[in-house]
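Chemist: Could you work out the structure for the sequence below:
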Amino acid sequence: MTLSASKFLVATDVGGTCTDTIVFAGGEDIYLGKALSTPPRFADGVMDSIASAARSMGISRDDLLGQTSLFIHGSTVVDNTVLTRDGARTGLITTAGFEDTVLVTRGAYGRWGGLTEDRIKHPVKTERGAPLVDPDCIAGIKERVDYKGDILQEIDDAEIERVVRFLVDQKGVKALAVSFLWSFYNSVNEKKVKEIVRRLDPDIYCTLSSEIAPVPGEYERTSTTVINAYCGSIARSYLQSLQELLGKSGYRGPTMVMQGYGGLLPAEEAMERSIGMLECGPAAGVIGSQVLGKLLDQPNIIATDMGGTTFKVSVIQNGAIEYAREPMVDRFHYTQPKIEVVSIGSGGGSIISLEAGTKAPRIGPRSAGSVPGPVCYGRGGTEPTLTDVFMLIGYMDPNIFLGDTMKLDRDGAYAAFEAKIAKPLGLSVEEAAFGVYRVATAQVGDLIHEITVERGLDPRDFVLHVFGGSCGMVAGMFGAELNVKRMVVPYTASVNCAFGLVSADIVHEYSTTALLPVPTPASDVNRVFEPMIARALRDLNKEGFETSRTRLEWSIDLRYSRQVHEVTTSVKVKTPLDDAGLTKVVSDFEALYERKYGKGSAFREAGVEMTMFRLTARGLMERPRMEAAALQKPDSSAARVGQRPIFVEAKGAMVPSDIYDFEKLAPGNLVKGPAVIHTPITTIVLQTNQMGTMDGYRNIIIDFVR
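Modeler: Okay, here's the model as predicted:
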């Protein structure tokens, strides 16, 4: 897929509070847009954000879209559907006798899986999350396929029709999930159900486990299928309405949708694989950080993102992204690959409250979102948020929010915070605000410590990437505590997830389940991959990618004999495999196994098995190149626009500090902390002994004077 030099590439990411847009064009500046998200009609916020970017270019939204060759999109619509329980009424058809699989979950683990540490202190008091499919909407059908894929009991068409009519007519389901035993070896019975559903009611959204999750693990596979069915019609309706709005505004190109594993899919395919959209925004942010790391020669990165609702963190080691071992959404496991992003409910819109009894400040997990939003938005919010605290400690300027398009109400924020937080604590507003700010930075610092130090990683070996609308106001604190090498606030900081969208490739994931012992001739392994390769090349060719613009990545799940869980091992040798290459894959598996379970845990004598074969097929996108500008002198006085008191941790007080306009800074300019840099899309706070330099790409590089 090649971009015309005269056309734009537009990417928009929908967040809980703001919707962000980035516009690329060959040989031109990067343009940014930001607008408040508009739940439940998120597509309206997308159009507002594109209009914001167009204004920065001096053209209309329709002019921009009329000259756009590719639109790329990431959205929280599927996450929100699960978290708010707003999906379609869903039915589950499964093998008779196994109707309780999705309800039993993983046994006792299902009682606390997905809960925060605070909520699992008393396991006896925990309970499984309410299922997405009501127990009375689960029906069993007599059929049986064995572990070899042989059909032991034929499925009866009349029974299928009776069960479907019962669920649709009597239970009112609008979506169906179908998950039969061993269907990933032989899907004929599941496909028969889908054929009959289409004949009886083509409007029913039907998902087969053999299509969405053809993997072992009965609960995880069924859970994945249910989630996809539950969210599918919502995602399809959303993407169709968005495409309609884009078309009415002059856009004629394709729409690509971000997936949680870091790749893009055409909108039509994404509609049928809605589960792939889970956490696609955070995944895009990590992709953007990886691309920036390559540009700046930074292979080891802690990528942090604080937006309006959450703080998210991910780790990149040696240029490689980490993937989640056991992906979950809310309380439910699923089997789709997903970039590992750990999060807590602490963002700019997180509501501040006091715990009963102790009166300890609590930040989140409830969020004011964009509606009504923080008190200072003046849109009806009455509960103080972290954004209101940023206002009270001098970090935000109420007159220049969202590029001067929105004025903030500082007095309203002051009154609400005083009444609900400061007075109950017996503190002044300033003292209480300082304390809440410290709590917020300690929370996110603890989360980063959890996924670095507690996993044997030393933050001092990493560069901290800081993005999201709020992260630049807290990173100076937790970055110093972590002793990271340096910090980078990207030019696209507040829209970094959108930047990640234009940095991603078209990616399809394929998998085949087969049990092969080690040793096995490499030719047998190659034969397993051959059908997947042929299908992948056909799919990418249909999307306009010649073979020279594709990349195929192999991986194999291996385990020791009699074990339940596998370790996915990338094939880092030449493919197709020869016997020496396969031996190297097994050695890599054992190294990964010991890294995961401890030195000495590998035991070749137990025997090794290959259980699943995965293919990642990439269509390599052609993107506009980023060119670095020449560096100028360090003097930044031309960008200094005044002074105001801000909270400085080293002094424990409000201290008059220099304020800078990001737009007036030039590459090479140096800003010494304490100081604030206001950009059109975010705010950067430099604490004492921190120095920020604008590089040739207009990123702010922050170093420590230690």
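
Chemist: residue ranges with poor pLDDT in the stretch 601-706 of the chain?
Modeler: By pLDDT under 70, the weakly predicted segments of the stretch 601-706 of the chain are 623-624.

Chemist: Then the chain?
Modeler: Screening the chain residue by residue with the criterion pLDDT under 70, one finds the ranges 1-6, 26-27, 108, 112, 114-124, 370, 402-405, 623-624.

Chemist: Restricting the selection to alpha carbons, write the strand or helix carrying residue 389 to CSV.
Modeler: Take DSSP states H and E as the rule and residue 389 turns out to sit in helix 386-392. This file holds the C-alpha atoms of helix 386-392, laid out as CSV (Å, rounded to 0.1, in the frame of the first residue of the first chain):
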residue,chain,number,x,y,z
LEU,A,386,-6.4,15.2,39.3
THR,A,387,-6.7,17.8,36.5
ASP,A,388,-8.2,20.2,39.0
VAL,A,389,-5.2,19.6,41.3
PHE,A,390,-2.8,20.3,38.4
MET,A,391,-4.7,23.6,38.0
LEU,A,392,-4.4,24.4,41.7
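
Chemist: That one: what's the following helix or strand?
Modeler: For helix 386-392, the succeeding helix or strand toward the C-terminus, using DSSP H and E, is helix 410-417.

Chemist: Show me the contact partners of that next one.
Modeler: Counting contacts by C-beta atoms under 8 Å, 6 or more residues apart in numbering, the residues outside helix 410-417 that touch it are 352, 374-376, 378, 382-384, 388-389, 391-392, 398, 429, 432-433. Glycine gets a C-beta too; all of them are placed from N, C-alpha and C.

Chemist: and if we set it to 6 Å?
Modeler: When contacts are defined by C-beta atoms under 6 Å, 6 or more residues apart in numbering, helix 410-417 is touched by residues 375-376, 384, 388, 391, 398.

Chemist: how about the residues you listed, which pair is most distant?
Modeler: The most widely separated members of those, counting by C-beta to C-beta, are 384 and 398 (15.3 Å).

Chemist: how much space between residue 153 and residue 367?
Modeler: From residue 153 over to residue 367 the distance is 50 Å, taken as C-beta to C-beta, to the nearest Å.

Chemist: Would you mind telling me which of these two has more residues around it?
Modeler: It is residue 367, of residue 153 and residue 367, that has more neighbours when counted by other C-beta atoms under 10 Å, with 23 against 14.

Chemist: beta partners of the closest residue to residue 263 other than its chain neighbours?
Modeler: The shortest distance from residue 263 to any residue other than its chain neighbours is 2.2 Å, reached at residue 507 (C-beta to C-beta, 6 or more residues apart in numbering). Taking DSSP bridges as the rule, residue 507 bridges to residue 618.

Chemist: what do you get for residue 351?
Modeler: Applying DSSP bridges to residue 351 gives these bridge partners: residue 385.

Chemist: can you count the residues close to it?
Modeler: Residues contacting residue 351 under the criterion other C-beta under 10 Å number 22.

Chemist: Please identify the buried residues of stretch 578-598?
Modeler: 581-582, 584-586, 588-590, 592-593 (16 or more other C-beta atoms under 10 Å).

Chemist: can you put these in CSV and add distance to residue 275 and secondary structure?
Modeler: Written out in CSV, the entries for the buried residues of stretch 578-598 read as follows (distance: C-beta to C-beta, whole Å; DSSP: H, G, I helix; E, B strand; the rest coil):
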residue, distance to residue 275, secondary structure
581, 33, helix
582, 32, helix
584, 33, helix
585, 29, helix
586, 31, helix
588, 29, helix
589, 27, helix
590, 32, helix
592, 26, helix
593, 28, helix
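
Chemist: ok, and the closest non-adjacent residue to residue 662?
Modeler: Spatial nearest neighbour of residue 662, chain neighbours left out: residue 679 (3.8 Å); criterion: C-beta to C-beta, 6+ apart.

Chemist: Let me know whether that neighbour touches residue 661 as I believe.
Modeler: No - using C-beta atoms under 6 Å, residue 679 is not in contact with residue 661; the gap is 8.6 Å.

Chemist: More neighbours: which of these two?
Modeler: Regarding residue 679 and residue 661, a neighbour count based on other C-beta under 10 Å identifies residue 679 as having more, with 22 against 16.

Chemist: From residue 660, how far off is that one?
Modeler: In this structure, residue 679 and residue 660 are separated by 10 Å, where distance is defined by C-beta to C-beta.

Chemist: May I ask which helix or strand encompasses residue 465?
Modeler: Going by DSSP H and E, residue 465 is part of strand 463-467.

Chemist: what sits up against stretch 93-113?
Modeler: Contacts to stretch 93-113, defined as C-beta under 6 Å, 6+ apart, come from residues 120, 123, 126, 128, 131, 138-142, 178-181, 218-219, 222-223, 226.

Chemist: Please identify the buried residues of that stretch?
Modeler: Under the neighbour-count criterion of 16+ other C-beta under 10 Å, stretch 93-113 has 93-95, 98, 101-102, 105, 110-113 buried.

Chemist: Quick check: end-to-end length of stretch 315-332?
Modeler: Stretch 315-332 has an end-to-end distance of 23 Å (C-alpha to C-alpha, to the nearest Å).

Chemist: Now do the strands in the stretch 401-550 of the chain.
Modeler: Shown for the stretch 401-550 of the chain, the strands assigned by DSSP state E, counting those that start in this stretch span residues 463-467, 487-489, 506-518, 550-560.

Chemist: Show me what the second one is packed against.
Modeler: Helices and strands in packing contact with strand 487-489 are listed as strand 463-467, strand 700-704; criterion 3 or more C-beta pairs under 6 Å, 6 or more residues apart in numbering; DSSP states H and E.

Chemist: who does that strand pair up with?
Modeler: Its sheet considered, strand 487-489 pairs with strand 463-467 (parallel), strand 700-704 (antiparallel) by DSSP bridges.

Chemist: For residue 582, which residues are in contact?
Modeler: Residues counted as contacts of residue 582 (C-beta under 6 Å, 6+ apart) are residue 522.

Chemist: same check, this time on residue 514
Modeler: Going by C-beta under 6 Å, 6+ apart, residue 514 touches residue 528.

Chemist: The closest residue to residue 476 other than its chain neighbours and residue 363: what is the separation?
Modeler: Using C-beta to C-beta, 6+ apart and skipping the chain neighbours, the partner closest in space to residue 476 is residue 687 (4.0 Å). With distances taken as C-beta to C-beta, residue 687 is found 20 Å from residue 363.

Chemist: These two: who's more crowded?
Modeler: A direct count of neighbours by other C-beta under 10 Å for residue 687 and residue 363 places residue 363 higher, at 24 against 21.

Chemist: now residue 509: how far from residue 539?
Modeler: Using C-beta to C-beta, one obtains 11 Å as the distance from residue 509 to residue 539.

Chemist: Next secondary structure after the lengthiest helix in the chain?
Modeler: When the chain is scanned for its longest helix (criterion: DSSP state H), the result is helix 218-248. Per DSSP H and E, the first helix or strand lying C-terminal to helix 218-248 is strand 255-258.

Chemist: Who are the packing partners of that following strand?
Modeler: Contact analysis of strand 255-258 by 3+ C-beta pairs under 6 Å, 6+ apart lists strand 68-74, helix 267-272 as its packing neighbours.

Chemist: closest to residue 315 out of the ones you listed?
Modeler: Counting by C-beta to C-beta, residue 315 lies closest to strand 68-74 out of the helices and strands packed on strand 255-258; the figure is 20.7 Å.
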